[in-house]
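[1] Got a sequence here, can you build the structure:
(one chain, ligands or ions: 1)
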Amino acid sequence: MASDEPLVRFSGVQKSYDGEQLVVRSLDLDIHRGEFLSLLGPSGSGKTTTLMMLAGFESPTSGDILLDGRQITGTPPHKRNFGMVFQNYALFPHLTVEQNVAYPLTVRKVPRAEQQERVRKALDMVRLAGMGERLPARLSGGQQQRVALARALVFNPQLVLMDEPLGALDKQLREHMQIELKELHRQLGVTFVYVTHDQGEALTMSDRVAVFNEGVIQQLASVEDLYESPANRFVAGFVGDNTVLSGTLQGTGDGTAIQMPGGYLLPGVNVNGATLGSRVQACVRPERIVLHPYAAYPRGSAIPAAVTRSIYYGDHLRLMCDLGHGQEHATVKVALTHSDASAYPQPGQNVLLEFPPESTRIYAM
Ligand SMILES: Nc1ncnc2c1ncn2[C@@H]1O[C@H](COP(=O)(O)OP(=O)(O)OP(=O)(O)O)[C@@H](O)[C@H]1O
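    This is a model prediction of the structure:
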């Protein structure tokens with residue numbers, strides 16, 4: 001099999017638990033060898049079900065799952081040879097760290113001396129050398145999760161499946177483990193499939209992200225494309241922060257614009273085929289909005305606004321601004337870095353907000 005063939009292919013996969021409602025609908029997904037792929041989406045969107053079908057704990061209602069070009073829908077989980085890490089680490093409490101990590105090797109009847117060597121390497125890899133004799137109860141949450149990771153990697157699986165593996169850890173430890181996981185992935189070159197509802201986590205670690213909603217992949221893209229070019233309103237809203245403007249679509253081609261209440265016309269990009277005169281929303285990343293003194297008005301692609309609040313975030317400042325024409329989403333967020341912030345306006349002050357046309361992405365509603 002050529003190495004540019006996908007490692008895994010989901011083809012027309014559907015899943016219903018009750019025979020009525022589809023929780024995964026017509027899923028087509030190729031997983032490339034060696035990639036770090038995240039399945040990202042809100043609760044109930046079908047991510048875990050997709051992972052469980054890949055793991056073999058659930059079977060598809062219809063469709064095919066291929067591994068190296070071969071159908072695996074009838075293969076039981078333990079014969080798929082995948083490493084798995086879940087949120088509750090599920091270590092054996094009565095076994096030491098070493099025994100826990102050795103378990104997959106024992107099951108596979110690997111000779112004892114080789115087991116010891118591989119367990120030692122796996123514990124080194126997750127930086128737990130010297131802790132092999134401990135019982136899980138004497139480890140911190142992060143250490144227990146590393147044991148689970150060592151256990152998932154020790155038998156050199158071709159695919160590692162993870163479902164919210166860092167969900168139980170506090171923020172600092174979670175961010176630390178994200179960096180470690182990414183580094184491990186880089187070193188090992190193993191294919192990782194990672195389920196999370198945390199967009200920050202998905203963006204930090206993944207090569208590609210599949211964004212799920214209501215059992216359908218809304219977009220499958222690199223993290224950069226996902227942030228810069230969300231394919232629809234759902235992805236724009238779910239990944240990264242947004243300022244949202246409501247209005248109607250005017251013009252075509254270079255003249256495409258969103259017409260806002262109050263008569264303002266902001267040029268932008270018609271992303272997913274909104275029709276002339278229809279209700280649309282424009283999404284702009286807060287850090288792309290350019291702030292000008294009110295005195296600069298009028299100016300193309302800009303509208304006047306009043307600052308209502310300024311919020312300090314440490315590494316940047318956020319201004320909440322009221323566009324003042326009574327529309328539903330009249331409050332916009334503007335993110336300023338500290339270099340801009342020396343003369344940032346105070347609440348009550350009027351400003352001019354420029355929405356760069358290439359960053360103003362207009363979506364059909
Ligand atoms: N074993 C099951 N039996 C019946 N329904 C289920 C089962 N597992 C999941 N579901 C339902 O299927 C839908 C998709 O669930 P799934 O766990 O795949 O979503 P998810 O995106 O992983 O969400 P979460 O992040 O909350 O786990 C939900 O409506 C859920 O209630």
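[2] Domains of the protein: list them as residue ranges, please.
    Here the domain parsing of the chain from automatic domain parsing is 8-233, 242-364.
[3] Can you get me the start-to-end distance on the last one?
    In terms of C-alpha to C-alpha, to the nearest Å, the two terminal residues of domain 242-364 are separated by 16 Å.
[4] Give me the distance from it to the chain's centre.
    Mean-position distance between domain 242-364 and its chain equals 26 Å (C-alpha atoms, centre = their mean, to the nearest Å).
[5] give me the residue from the stretch 51-200 of the chain nearest the ligand.
    His197 (4.9 Å; C-beta to the nearest ligand atom). Glycine gets a C-beta too; all of them are placed from N, C-alpha and C.
[6] what's the helix or strand for Val235?
    Secondary structure assignment for Val235, by DSSP states H and E: helix 233-238.
[7] cool, Pro345 as well?
    Applying DSSP H and E, one finds Pro345 in no helix or strand.
[8] burial of it, as a residue count?
    19 (other C-beta atoms under 10 Å).
[9] contacting residues around it?
    291, 307, 310, 319, 351 (C-beta atoms under 8 Å, 6 or more residues apart in numbering).
[10] give me the subset of these touching the ligand.
    Checking these against the ligand by C-beta under 6 Å from any ligand atom, not one of them is in range.
[11] Can you add neighbour count, secondary structure and pLDDT and give those residues back as a markdown table?
    Below are these laid out as a markdown table (neighbours: other C-beta atoms under 10 Å; DSSP: H, G, I helix; E, B strand; the rest coil; pLDDT from 0 to 100):
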| residue | neighbour count | secondary structure | pLDDT |
| --- | --- | --- | --- |
| Leu291 | 19 | strand | 87 |
| Val307 | 19 | strand | 89 |
| Ser310 | 18 | strand | 86 |
| Leu319 | 26 | strand | 87 |
| Val351 | 22 | strand | 89 |
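[12] re the thing from before, these two touch, right, the residue of the stretch 51-200 of the chain closest to the ligand and Ser43?
    Yes. If you go by C-beta atoms under 8 Å, His197 and Ser43 touch, sitting 6.2 Å apart.
[13] I figured Ala202 hits Val209, correct?
    Yes. Counting by C-beta under 8 Å, Ala202 does reach Val209; the two are 4.9 Å apart.
[14] and for the two, which residues touch both?
    Joint contacts of Ala202 and Val209 (C-beta under 8 Å, 6+ apart) are 38, 40, 223, 239.
[15] Confirm Asn100 sits in a strand?
    No. Read with DSSP: H, G, I helix; E, B strand; the rest coil, Asn100 is helix and lies in no strand.
[16] Spatially, and excluding backbone neighbours, which residue is closest to it.
    Leu91 (5.1 Å; C-beta to C-beta, 6 or more residues apart in numbering).
[17] residues touching the one you found, list them.
    Contacts of Leu91 by C-beta under 8 Å, 6+ apart are 100, 136, 144, 147-148, 151.
[18] And for Asp28?
    With contact taken as C-beta under 8 Å, 6+ apart, Asp28 is in contact with 10-13.
[19] Remind me which helix or strand it belongs to.
    Element membership for Asp28, per DSSP H and E: strand 22-31.
[20] For that strand, which strands pair with it and how are they oriented?
    Its sheet considered, strand 22-31 pairs with strand 8-16 (antiparallel) by DSSP bridges.
[21] still on that earlier bit, now the contacts of Pro345 in CSV, with distance to Asp30?
    Shown next, in CSV, are the contacts of Pro345 (distance: C-beta to C-beta, whole Å):
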residue, distance to Asp30
Leu291, 43
Val307, 47
Ser310, 46
Leu319, 43
Val351, 47
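[22] and which of the residues you listed is nearest to Phe155?
    Checking the contacts of Pro345 against Phe155 by C-beta to C-beta gives Leu319 as the nearest, at 52.9 Å.
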